[in-house]
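**Q** Model the structure of this input:
(one chain, ligands or ions: 1)
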Amino acid sequence: MSVDVEDWFQVGAFERVIDARDWDSLPSRVERNTDAVLDLFAAAGVNATFFTLGWVARRCPALMRRVVAAGHELASHGWDHRRVFTMTAAEFREDLSKARQVLEDAGGVAVTGYRAPSFSIDQRTPWAHAELAEAGYAYSSSVAPLRHDHYGWSDSPRWAWRPLADAALIELPVTVAAFGRRRVATGGGFFRLFPAALTAHGIAQATREGRPAMFYFHPWEIDPGQPRVRNAPLRSKLRHYSRLGAMSSKLSGLLARHHWGRVDAIAALEAARLGVVAPSPAWTVAA
Ligand SMILES: [Zn+2]
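**A** Residues are numbered from 1 along each chain as shown. Modelled structure (predicted):
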């Protein structure tokens, strides 16, 4: 179970209409929304991974401590939601390092997991997994093995895989539901906008293969009271604002129906399955 911790104005859908230089002046809702997510998880007895922007950790350090104190994993979602395929390898290294330092300082724990903003590791970023391995990450959950208008690496593996022969890093792709040769995402907006049966189909397929499912959503998705961005494209608005009010109860149902856990624990199991030998202290933390 995973949460991508970012504010309502930091999503990819609004990047052309909201200037990142204005972020500081917009009403932040990420702290109260993430606290509401913590309440949902506490009620369900679920531990999860919070892939958090460094930008958020710098402004809400006490929230990072609450996430950790509740037994969840604190992991990185990069600094300010720049997608990996818009960066050079050197810029990516810088982004990773800046975010991790702030997350670790705020949370008081080692950060060993990473999720790229908008699943932006794909064919365009052949250096990205090597940078993550070099920085000592145990796992990445940054690839969507499907074709979508904003993201996707359609011919990448559907289950956990090892991107580099000479490093222990594993990639845990987001779960997709397969309909014949077509693959559809099951988390985030897809879970919110489509019937729960879509996600159930993806999870059932994973279970039949004996593999864990990787689900994700965002704190803003349970916040019907967030400010409306009027000048965004209609399609972005439809995707972002539909069914926000129904999301909390839909999530509670999903939390209750399956056995969920932190991604670092799942990564350790999948690494063992893939025969990855634990080479670094990161694994001690992850286990
Ligand atoms: Zn994100």
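**Q** Correct me if wrong: Gly113 contacts Tyr139.
**A** Yes - the pair Gly113 / Tyr139 is scored as a contact, 5.4 Å apart, by CB atoms under 8 Å. In short, each C-beta sits where N, CA and C put it, glycine included.
**Q** So what does the nearest residue to Ala44 once chain neighbours are set aside look like in phi/psi?
**A** If the residues on either side of it in the chain are set aside, Ala44 comes closest to Leu255, at 3.8 Å by CB to CB, 6 or more residues apart in numbering. As for Leu255, its main-chain torsions (degrees, to the nearest 10) stand at phi -60, psi -40.
**Q** and Leu255, how many neighbours?
**A** When neighbours are defined as other CB atoms under 10 Å, Leu255 has 19 of them.
**Q** Excluding chain neighbours, give the residue nearest to the residue in the stretch 51-200 of the chain that the ion sits nearest to in space.
**A** Going by CB to the ion, the ion is nearest to Pro117 of the stretch 51-200 of the chain, at 4.7 Å. Counting by CB to CB, 6+ apart, Pro117 lies nearest to His81, which is 4.4 Å off, once chain neighbours are set aside.
**Q** Extract the residue ranges of the stretch 151-287 of the chain that are flagged as low pLDDT.
**A** 278-287 (pLDDT under 70).
**Q** What residues does it have near the ion?
**A** With the criterion set to CB under 5 Å from the ion, the stretch 151-287 of the chain never comes near the ion.
**Q** Enumerate every residue touching the closest residue to the ion within the stretch 151-287 of the chain.
**A** Relative to the ion, the nearest point of the stretch 151-287 of the chain is His218 (6.6 Å; CB to the ion). Counting by CB atoms under 8 Å, 6 or more residues apart in numbering, His218 makes contact with Val3, Asp4, Val5, Glu6, Val11, Gly188.
**Q** Same question for Tyr139.
**A** Counting by CB under 8 Å, 6+ apart, Tyr139 makes contact with Thr112, Gly113, Tyr114, Leu169, Ile170, Glu171, Leu172, Val263, Asp264, Ala267, Ala271, Ala286.
**Q** my read: Thr125 touches Arg83, true?
**A** No - under the criterion of CB under 8 Å, Thr125 makes no contact with Arg83, lying 9.3 Å away.
**Q** Those two: which is more packed in?
**A** Between Thr125 and Arg83, Thr125 has the larger neighbour count (other CB under 10 Å), namely 23 against 20.
**Q** Can you pull the phi/psi pair for the more buried one?
**A** phi -130, psi 60.
**Q** any idea how far Phe119 is from it?
**A** 11 Å (CB to CB, to the nearest Å).
**Q** and what of Gly107?
**A** For Gly107, the distance to Phe119 - CB to CB - is 23 Å.
**Q** Of the two, which one has the most company?
**A** In terms of neighbours (other CB under 10 Å), Phe119 is the more surrounded of Gly107 and Phe119; the figures are 28 against 24.
**Q** Pull the residues that contact stretch 193-207.
**A** Contacts for stretch 193-207 (CB under 8 Å, 6+ apart): 159, 175-178, 184, 186-187, 190-191, 212-213, 215, 239, 242-243, 250, 253-254, 257-258.
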